[in-house]
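**Q** predicted coordinates and the sequence they were generated for:
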Amino acid sequence: MDKLSLFGIVLGVGAIVGGQLVEGGHVSSLIQPAAFLIVVGGTFGAVLLQSSWEVFIAGMKMTKWVIAPPVVAHSELINQIVKWSHIARKEGLLSLEAQVDVLDDPFARRGLQMLVDGIEPDRLRDLLEIETDAYEAHLKISAKVWESLGGYSPTIGILGAVMGLIQVMENLSDPTKLGSGIAVAFVATIYGVGLANLIFLPISKKLLANISHLVVLRDMYVDGIIGIANGDNPHVIESRMQGYVA
């Protein structure tokens, strides 16, 4: 669990609410259902308009990575590749076929199977890199759903503010209705800017960082597999893969 992400969310929201209280305001002043509906509904509506349903759902599912990021086990991968390298040097590439079925990751399984099948190293690298590029592009498109939310949210907040001011102007003759209109106007702006900079954009950046780690792991795997295909010394393969971690 990424406790730092939880702490960051709590600190950011707590600082704003705490500042409101220090200034003598009330938390209830920041609770405006109308403003929340305008900003959140409008923002998600805009993102749904620009995204396919599959991409949107994938982006929402990736949210769990903020608290529980995917496991990136560099040392385990290095040890595995070095082990395969020793086996290949002693018994030949065909001896690695027994290792294919025990792999859970489809990408790793395909890569090792192509190595066992004797595909040329350059061709093997091309195939694995193409799959890695497609994998990265798919994840980034999903993660950018949150970046889009952060981009639309402030603008929708301003739209909510203008709507609140319209309500104020329409009820200048009725002072009892002025307060609610002004509240919606200012709180909508807070919601729009606050959600963008405290929630949506940070989540987007966190997801992109996790994606980068996963892609590096695949790059390490490809480098190791090609090293085995070229017959490189296991120590050379290990040193090269350690460079990715550094």
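**A** Perfect, I can see it now. Remember, predicted model here, so these are calculated numbers, not experimental data.
**Q** tell me which element the most centrally placed residue in the chain falls in.
**A** Note on the chain: the residue nearest the mean C-alpha position is residue 207, at 1.7 Å, using CA atoms, centre = their mean. Per DSSP states H and E, residue 207 falls inside helix 201-229.
**Q** and that helix, what's buried?
**A** By 16 or more other CB atoms under 10 Å, the buried positions in helix 201-229 come out as 201-204, 206-207, 210-211, 214-215, 217-229. For the C-beta atoms, the positions are set from N, CA and C on the backbone; glycine is no exception.
**Q** and after that helix, which helix or strand comes next?
**A** Next along the chain after helix 201-229, taking DSSP H and E as the criterion, comes helix 234-245.
**Q** now that following helix: how far from the chain's centre is it?
**A** 27 Å (CA atoms, centre = their mean, to the nearest Å).
**Q** packing partners of it?
**A** For helix 234-245, the elements it packs on are helix 74-91, helix 201-229, judged by 3 or more CB pairs under 8 Å, 6 or more residues apart in numbering; DSSP states H and E.
**Q** now these in a markdown table, with distance to residue 182?
**A** Output for those, formatted as a markdown table (distance: least, CB to CB, whole Å):
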| stretch | distance to residue 182 |
| --- | --- |
| helix 74-91 | 55 |
| helix 201-229 | 28 |
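**Q** residue 113 is nearest to which of those?
**A** For the helices and strands packed on helix 234-245, the distance to residue 113 is smallest for helix 201-229, at 10.6 Å, taking CB to CB.
**Q** so how far is that closest one from its chain's centroid?
**A** 13 Å.
**Q** and that helix, what does it pack against?
**A** Taking 3+ CB pairs under 8 Å, 6+ apart as contact, the helices and strands that helix 201-229 lies on are helix 64-67, helix 74-91, helix 106-116, helix 121-170, helix 234-245.
**Q** for the ones you listed, give me JSON lines that also has distance to residue 14 and mean neighbour count.
**A** Listed next are the helices and strands packed on helix 201-229 as JSON lines, based on distance: least, CB to CB, whole Å; neighbours: other CB atoms under 10 Å:
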{"stretch": "helix 64-67", "distance to residue 14": "17", "mean neighbour count": "16"}
{"stretch": "helix 74-91", "distance to residue 14": "35", "mean neighbour count": "16"}
{"stretch": "helix 106-116", "distance to residue 14": "41", "mean neighbour count": "18"}
{"stretch": "helix 121-170", "distance to residue 14": "20", "mean neighbour count": "18"}
{"stretch": "helix 234-245", "distance to residue 14": "35", "mean neighbour count": "15"}
